[in-house]
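Q: sequence and predicted structure, then a few things I'm wondering about:
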Amino acid sequence: MGQPHATAATDYDVVVLGAGPVGENVAERTRAAGLSTAIVESELVGGECSYWACMPSKALLRPVIARADSRRVPGLRQAVQGPLDASAVLAHRDAYTSDWKDDGQVDWLDSIGVRLYRGQGRLDGPKQLKVTSPEGEHHTLKARHAVVVCTGSRAVLPELPGLPGAHAWTSREATSAHAVPGRLAVVGGGVVGTEMATAWQGLGAQVTMLVRGEGLLPRMEPFAGELVADALREAGAEVRTGVSVTSVVRDGATVTLTLQDGAMVEADEVLFATGRAPRTDGIGLTTVGLADGSWLSVDDSCRVQGSSWLYGVGDVNHRALLTHQGKYQARIAGAAIAARAAGTPILETDRWGAHAATADHAAVPQVVFTDPEVAAVGLSAAEAEAMGHRVRAVDQDMSAVAGAGLYADGYTGRARMVVDLDRETLLGATFVGPGAGELLQAATIAVAGEVPIERLWHAVPAYPTISEVWLRLLEGYRG
Ligand SMILES: Cc1cc2nc3c(=O)[nH]c(=O)nc-3n(C[C@H](O)[C@H](O)[C@H](O)COP(=O)(O)OP(=O)(O)OC[C@H]3O[C@@H](n4cnc5c(N)ncnc54)[C@H](O)[C@@H]3O)c2cc1C
Ligand SMILES: NC(=O)c1ccc[n+]([C@@H]2O[C@H](COP(=O)([O-])OP(=O)(O)OC[C@H]3O[C@@H](n4cnc5c(N)ncnc54)[C@H](O)[C@@H]3O)[C@@H](O)[C@H]2O)c1
């Protein structure tokens, strides 16, 4: 075997570490601005989102939700009573991950003139990275203007006796498994837990959710978690709240979880959906005065606090762990890097300026693809009050809207808008119900646009769509 060899340093205007959706978008923006750009990736170009998160999870969920929706339509219900064809769903998921191959995304990087370095990258002092390729080659990359860390996040497992030997699932296994387990225990009631419980219960597993808090989706309006828990139970899952797992033991095909009251839960697989940690350990942060393994604290242009050249974009900055929000940050950071490289004296970093990711604070949209779907943007009523806003929450039963009744027999859903009483604009909105995800963009525009209620009154929803819930909410506010 030959000795690993080092190449001479190569200079680029911008070097991006991590080619997930966010790193790809930063590179695309800086290239479009005429800056030479290299990107470093240790696994697959496309990142967590393409292979172990958004794409495979939604490919698993779509048939589950479509079947549930169909069963609520008179005349169609009886045609969709059978089980899903799980192997066809898993094959559909495999197609969405391109069988975990990134050729298409590599070709795209090539087409936009971004140089890809495959391997593990780490900072090596200011504006410099070392990359070790899978073949053991070492490359030194120097950045004239910016290094952008987009290394994302990984699942966190709690420290529990027995867990290391229990072959527990994280989000990676939950999105890439090739067989439906008979019994699946899901620990954690956040977004990953509720989506994956919905998917695998729908695919035929017997799911038991073990949630230590009072309910599901604790960061959203309380009715969101309540409606999702009701629906999961109706689909046959067990949802246990206020329980903590204290140990895990795997014995062959069976995993046994012990709870704080001594009760035991047996399953074939257990998913820990208990949050995320930054993938910043071992990437050389200490060589630039930062703590190894820390989330990167950034300003609104996504530049690391106190640095003139280091950026942290996407999950790694912990502002909003969502693909679309990371890609938004990538557009903002890309523009800021280009402006600074061009010597622009003053950047537009004021609220809603071209170089400020203001929406991260005020208008983050999220759809949880459960049945019912949960769609939320901006602040919940509790968050708005905690931030000192004078607010009024207006609620509406979505089943009262003609379009909802037509969409599904016995439609169950609820909507809330949170109004800033001082400005008479929306601070947030939440819709929970079948098909609710597609209602969200209108709310995002209202929140990000700070559209006054008196003008929203003129935005007439078409009859008979579920969007007429807007009219009911506005009537509820205006009386
Ligand atoms: C199960 C699940 C479902 C989700 N569903 C959705 C959804 O429906 N919608 C949504 O908006 N968000 C969703 N998310 C969140 C979304 O996946 C993340 O917000 C998104 O992937 C973040 O993108 P990123 O580019 O910052 O990081 P990542 O996608 O994690 O990409 C980081 C990349 O950096 C690479 N890397 C790391 N360290 C190094 C290194 N030292 N050298 C070289 N390369 C390195 C990694 O290999 C990876 O390719 C989901 C998350 C999970 C877990
Ligand atoms: N559709 C989407 O937009 C989507 C889908 C999946 C994930 N995501 C993103 O991925 C991120 C990660 O999701 P997640 O669900 O892993 O994290 P999360 O933070 O949303 O939920 C984790 C849950 O686990 C609980 N928990 C933590 N430690 C625990 C323990 N030891 N025992 C029991 N419960 C414990 C927490 O209280 C929390 O409720 C989210 O922030 C979300 O934005 C988005």
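A: That came through fine. Ligands and ions are numbered 1, 2, ... in the order given.
Q: for the residue in the chain that ligand 2 sits nearest to, what are phi and psi?
A: Residue nearest to ligand 2 within the chain: Gly190 (1.9 Å; CB to the nearest ligand atom). Just so you know, the C-beta spots here come from the backbone N, C-alpha and C atoms, and that holds for glycine as well. Taking degrees, to the nearest 10, you get phi -80, psi -160 for the backbone angles of Gly190.
Q: please name the residues that touch the residue lying closest to it once chain neighbours are set aside.
A: Excluding the flanking residues, the one nearest Gly190 by CB to CB, 6 or more residues apart in numbering is Ala273, at 6.2 Å. Residues in contact with Ala273, defined by CB atoms under 8 Å, 6 or more residues apart in numbering, are Ala155, Thr170, Ser171, Ala174, Val186, Val187, Gly188, Gly190, Val192, Gly193, Met196.
Q: can you rerun that using 7 Å?
A: Counting by CB atoms under 7 Å, 6 or more residues apart in numbering, Ala273 makes contact with Ser171, Val186, Val187, Gly188, Gly190, Val192, Gly193, Met196.
Q: tell me how far it lies from ligand 1.
A: From Ala273 over to ligand 1 the distance is 8 Å, taken as CB to the nearest ligand atom, to the nearest Å.
Q: with Tyr407 instead?
A: With CB to the nearest ligand atom as the criterion, Tyr407 and ligand 1 are 22 Å apart.
Q: measure how buried that residue is and give me the count.
A: Residue neighbour count, defined by other CB atoms under 10 Å, stands at 20 for Tyr407.
Q: and Pro158, by the same measure?
A: 14.
Q: same check, this time on Thr280
A: As a burial measure, Thr280 scores 23 neighbours (other CB under 10 Å).
Q: who are the neighbours in contact with the nearest residue to it once chain neighbours are set aside?
A: Distances taken as CB to CB, 6+ apart place Gly293 nearest to Thr280, at 5.6 Å, with adjacent residues excluded. For Gly293, the contact set (CB under 7 Å, 6+ apart) comprises Pro278, Thr280, Asp281.
Q: ligand 1 versus Gly293, what's the distance?
A: 12 Å.
Q: cool, Thr208 as well?
A: For Thr208, the distance to ligand 1 (CB to the nearest ligand atom) stands at 19 Å.
Q: need the contact list for that residue.
A: Residues near Thr208 by CB under 7 Å, 6+ apart: Ala185, Glu238, Arg240, Val265, Ala267.
Q: tell me the one among the residues you listed nearest to Gly388.
A: Using CB to CB, Arg240 comes nearest to Gly388 of the contacts of Thr208, at 35.9 Å.
Q: what residues does the stretch 301-450 of the chain have near ligand 2?
A: Neighbours of ligand 2 within the stretch 301-450 of the chain, by CB under 6 Å from any ligand atom: Leu321, Leu322, Gln366, Val367, Val368, Phe369.
Q: pretty sure the last one contacts Ala59?
A: No. Distance between Phe369 and Ala59: 10.5 Å, which falls outside the contact criterion (CB atoms under 7 Å).
Q: quick check on Leu296: phi, psi?
A: phi -90, psi 120.
Q: an error on my part: the question was meant for Gln305.
A: Dihedral angles (degrees, to the nearest 10) for Gln305: phi -50, psi 130.
Q: for the closest residue to Asp395 other than its chain neighbours, grab the count of nearby residues.
A: Excluding the flanking residues, the one nearest Asp395 by CB to CB, 6+ apart is Arg416, at 5.0 Å. Arg416: 22 surrounding residues under other CB under 10 Å.
Q: same question for the one 5 residues further on.
A: One way to gauge burial is a neighbour count; for Leu421, by other CB under 10 Å, it gives 11.
Q: please report phi then psi for the spatially closest residue to it that is not a sequence neighbour.
A: Using CB to CB, 6+ apart and skipping residues adjacent in sequence, the residue nearest Leu421 is Arg390, 4.5 Å away. Main-chain torsions, Arg390, degrees, to the nearest 10: phi -90, psi 110.
Q: chain neighbours aside, what residue packs nearest to Ala263?
A: Leaving aside its sequence neighbours, Ala263 sits nearest to Val243 (CB to CB, 6+ apart; 7.9 Å).
Q: check what pLDDT the closest residue to ligand 1 within the stretch 351-479 of the chain gets.
A: Going by CB to the nearest ligand atom, ligand 1 is nearest to Phe369 of the stretch 351-479 of the chain, at 6.5 Å. We note a pLDDT of 98 for Phe369 in this prediction.
Q: neighbours of it, how many?
A: Phe369 has 21 nearby residues by other CB under 10 Å.
Q: let me see the contact set for it.
A: Counted by CB under 7 Å, 6+ apart, Phe369 has contacts Lys58, Leu61, Ile65, Glu195, Gly437.
Q: report the two of those separated the most.
A: Farthest apart among these by CB to CB are Glu195 and Gly437. That separation is 12.2 Å.
Q: who has more neighbours, the two?
A: More crowded of Glu195 and Gly437, by other CB under 10 Å: Glu195, with 25 against 19.
Q: the more buried one sits in which helix or strand?
A: Here Glu195, judged by DSSP states H and E, is contained in helix 191-202.
Q: now do Ala330
A: Using DSSP H and E, Ala330 maps to helix 323-341.
Q: counting contacts, what elements does that helix pack onto?
A: Helix 323-341 sits against helix 21-32, strand 138-149, helix 359-362, with contacts defined as 3 or more CB pairs under 7 Å, 6 or more residues apart in numbering; DSSP states H and E.
Q: Val80 against Arg67, yeah?
A: Yes. Using CB under 7 Å, Val80 is in contact with Arg67, at 5.5 Å.
Q: circling back: let's have the contacts of Phe369 in a markdown table, adding distance to ligand 1.
A: Formatted as a markdown table, these follow (distance: CB to the nearest ligand atom, whole Å):
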| residue | distance to ligand 1 |
| --- | --- |
| Lys58 | 6 |
| Leu61 | 9 |
| Ile65 | 13 |
| Glu195 | 7 |
| Gly437 | 10 |
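Q: dump the residues you listed into CSV; add secondary structure, distance to Ala33 and pLDDT as well.
A: Shown next, in CSV, are the contacts of Phe369 (DSSP: H, G, I helix; E, B strand; the rest coil; distance: CB to CB, whole Å; pLDDT from 0 to 100):
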residue, secondary structure, distance to Ala33, pLDDT
Lys58, helix, 32, 98
Leu61, helix, 37, 98
Ile65, helix, 40, 98
Glu195, helix, 36, 99
Gly437, helix, 33, 98
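Q: next one: phi and psi at the residue in the stretch 151-300 of the chain positioned nearest to ligand 1?
A: Across the stretch 151-300 of the chain, the shortest distance to ligand 1 (CB to the nearest ligand atom) belongs to Gly152, at 2.1 Å. The phi/psi pair for Gly152 (degrees, to the nearest 10) reads phi 70, psi -150.
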